[in-house]
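>>> Build me a model from this:
(chains A and B)
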Amino acid sequence: MIALSSLDVEHLTGIRGGRVLFRGLDFRVAAGRALCIEGANGAGKTSLLRMLAGFLAPAAGTIRLRTKDAEVEDGEERGRFAGWLGHRDAVKPQMTVRETLHFFTRLYGSAGDVEAALETVGLARLAELPGQYLSAGQKKRVALARLALCARPLWLLDEPLASLDAAGKAVAAGLVAAHCATGGIAVVATHEPLEIACERLVLGPA
Amino acid sequence: MTAFLALLSRDIRLAARAGGGAMLALAFFAAVATLVPLGVGADLKLLARIAGGVLWVAAVLASLLALDRLFQADFEDGSLDVIALGPLSLEATCLAKIAAHWLTTGLPLTILSPLLAVLFDLPFAATAALFVSLLIGTPAVGAIGAIGAGLTVGVRRGGLILPLIVLPLLAPAVIFGAGAVLAVLDGLSNGALPLLAAFSFAAVLLSPFAAAAALRLNLAG
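Predicted coordinates for the structure are as follows:
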């Protein structure tokens, strides 16, 4: 995992379907910090995350990732630093939990320990279960395990607490805290308070 | 390379499992190829002449059956986002998916084709030409189909638009492929196979770039 020193966003403007979501957004997240993005439905939280990941080009402004000796601005290069947890969990109905995690670990060329990750998210007993039999909360746990295994320095999380029970929420908060403690950056779009120290950014009507 | 193989083997495994579409394509191919001789009747000379064209069209349609899910399943469950952020470029991702599609549909169709050629009373030499033409031509079907699959990934029921985009582009493959079989039947020298190989080569080489560009548009959504 390449260490990041900061995520810098300057004068960012987001437009979706001809509607301005936000304009002139400026923020900076330093290594080891988490940023919680709040805002009403449709305020542009997901669009902002997709911009940070490089999927969506900003209408104006820049997004910069700083490492010790380089600055990354290009969208697809930025994506190589991002660990993504979207509101869809990337769990295949035909693949077992263990197969899913092994696949993403191999795809990302990470050295993560699948069994340990299963233990962390509380799915060790369900490792052989195909994705189609998992509940929404269990799928979210698989996604959290995948995120932890893929070892990326910039976590972009879209409603990571959705459909998780109390224990699951604690697991999610613990993973984010551990990620930040090792120098990672997390940007979290959420309606519910994440029980960790984080800065807050509220997206309002532009 | 590990990442490429990881994606390739996962897609092959998914295609082979329930709902994967590999067996479906094969069964569709066999059903169409069996129905045509029943419909045309027992004119063996006629059957042999149309065999190349019918089997080629059936192979293309069977391939398209599995193609509309090439990216769509991963798009819908969020896997494509995670794959796109992985170390593989989108172009390599498309190539891996095209390869997996060919190994699970194009190649089995090709292997099955000599058996179905019997129903058309196709002579051995012509059957060999059919086999070779499918072997070198079906990669082009998957590759060009991937462009259509990439374009329609965000479209509800995109599978219905996919053939309209892809079929006209596949006309050269069908013409050269069926032409190679006819040339053998007519005892002519066979110029169709080199042309088919060239078409297929260009399609496999260039399509990943077009498909990746189409996916980029849809990932922004």
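>>> just so I have it, where are all the helices in chain A?
A:45-53, A:75-79, A:97-107, A:114-120, A:136-150, A:166-181 (DSSP state H).
>>> rank the ones you listed by mean pLDDT and give me the bottom one.
The minimum mean pLDDT among the helices of chain A belongs to helix A:75-79 (a mean of 88).
>>> Could you give the number of residues near A:Val97?
28 (other Cβ atoms under 10 Å in any protein chain shown). All C-beta spots, glycine's among them, are computed from the backbone N, C-alpha and C.
>>> residues touching the residue nearest to it when sequence neighbours are not counted, list them.
Excluding the flanking residues, the one nearest A:Val97 by Cβ to Cβ, 6 or more residues apart in numbering or on different chains is A:Ala127, at 5.1 Å. Applying Cβ atoms under 8 Å, 6 or more residues apart in numbering or on different chains, we find A:Ala127 in contact with A:Thr96, A:Val97, A:Arg98, A:Leu118.
>>> Quick one: the helices of chain A as a markdown table, columns for distance to A:Gly32 too.
Shown next, in a markdown table, are the helices of chain A (distance: least, Cβ to Cβ, whole Å):
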| stretch | distance to A:Gly32 |
| --- | --- |
| helix A:45-53 | 17 |
| helix A:75-79 | 19 |
| helix A:97-107 | 25 |
| helix A:114-120 | 20 |
| helix A:136-150 | 17 |
| helix A:166-181 | 5 |
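>>> Which single residue in chain A comes nearest to chain B?
As assessed by Cβ to the nearest Cβ, chain B sits closest to A:Arg88 within chain A, at 2.9 Å.
>>> Disregarding flanking residues, what is the spatial nearest neighbour of that residue?
A:Arg88 sits nearest to B:Gly78 (Cβ to Cβ, 6+ apart), 2.9 Å away.
>>> Tell me how many other residues surround whatever residue of chain B ends up closest to chain A.
Using Cβ to the nearest Cβ, the closest approach of chain B to chain A is made by B:Gly78 at 2.9 Å. For B:Gly78, the number of neighbouring residues by other Cβ under 10 Å comes to 20.
>>> Same check on B:Leu112?
For B:Leu112, the neighbour count with other Cβ under 10 Å is 18.
>>> which ones are touching it?
Going by Cβ under 8 Å, 6+ apart, B:Leu112 touches B:Leu26, B:Phe29, B:Ala30.
>>> Tell me the predicted confidence for the last one.
pLDDT for B:Ala30: 95.
>>> Off-centre distance for the helix or strand where it lies?
Assessed by DSSP states H and E, B:Ala30 sits inside helix B:22-40. When distances are taken as Cα atoms, centre = their mean, to the nearest Å, helix B:22-40 is centred 15 Å away from the chain's centroid.
>>> does that helix come close to chain A?
No - judged by Cβ under 8 Å from any Cβ of the partner chain, helix B:22-40 and chain A are separated, with a smallest distance of 12.3 Å.
>>> returning to what we had before: for B:Ala197, which of the helices of chain A is the nearest?
Among these, the nearest to B:Ala197 by Cβ to Cβ is helix A:97-107 (32.1 Å).
>>> Show me what the closest one is packed up against.
helix A:114-120, helix A:136-150, helix B:2-16 (3 or more Cβ pairs under 8 Å, 6 or more residues apart in numbering or on different chains; DSSP states H and E).
>>> most neighbours per residue, which of these?
helix A:136-150 (a mean of 23; mean count of other Cβ atoms under 10 Å in any protein chain shown).
>>> Can you tell me what sits against that one?
Counting by Cβ under 8 Å, 6+ apart, residues outside helix A:136-150 touching it are A:83-85, A:89-91, A:97, A:100-101, A:104-105, A:108, A:110, A:112-114, A:117-118, A:120-123, A:126, A:131, A:134, A:155, A:157, A:160, A:162-165, A:168, A:171-172, A:175, A:179, B:82, B:86.
>>> before we move on, the earlier item: of all the helices of chain A, which lies closest to B:Asp121?
helix A:97-107 (46.0 Å).
>>> quick one: contacts of the closest one?
With Cβ under 8 Å, 6+ apart, helix A:97-107 has contacts from A:90-92, A:95, A:112, A:114, A:117-118, A:123, A:126-129, A:131, A:134, A:142, A:145-146, A:149-150, B:2-3, B:5-7, B:10, B:13, B:82-83, B:86-88.
>>> I'd like to check the angle between that helix and helix B:2-16, please.
150 degrees (axes from the mean of the first three to the mean of the last three Cα atoms, to 10 degrees).
>>> Would you mark the buried spots in helix A:97-107?
Under the neighbour-count criterion of 16 or more other Cβ atoms under 10 Å in any protein chain shown, helix A:97-107 has A:Val97, A:Arg98, A:Glu99, A:Thr100, A:Leu101, A:His102, A:Phe103, A:Phe104, A:Thr105, A:Arg106, A:Leu107 buried.
>>> same deal with stretch A:3-20?
A:Leu4, A:Ser5, A:Leu7, A:Asp8, A:Val9, A:Leu12, A:Thr13, A:Gly14, A:Ile15, A:Arg16.
>>> Say whether chain B is contacted by that stretch.
No - Stretch A:3-20 lies out of reach of chain B by Cβ under 8 Å from any Cβ, never closer than 9.4 Å.
>>> contacts for that stretch?
Outside stretch A:3-20, the residues touching it (Cβ under 8 Å, 6+ apart) are A:21-31, A:44, A:47-48, A:51-52, A:56, A:58-68, A:81, A:153-154, A:183-185, A:187, A:206.
>>> restrict these to contacts with chain B.
With Cβ under 8 Å from any Cβ as the criterion, these include A:Leu56 near chain B.
>>> Report the buried members of the contacts of stretch A:3-20.
Applying 16+ other Cβ under 10 Å to these flags A:21-22, A:25, A:29, A:31, A:44, A:47-48, A:51-52, A:56, A:58, A:61, A:63, A:65-66, A:81, A:153-154, A:184-185, A:187 as buried.
>>> what's around B:Ile136, how many residues?
B:Ile136 has 22 nearby residues by other Cβ under 10 Å.
>>> same deal with B:Arg156?
So B:Arg156, with other Cβ under 10 Å, has 8 neighbours.
>>> what about it, which SS state?
coil (DSSP: H, G, I helix; E, B strand; the rest coil).
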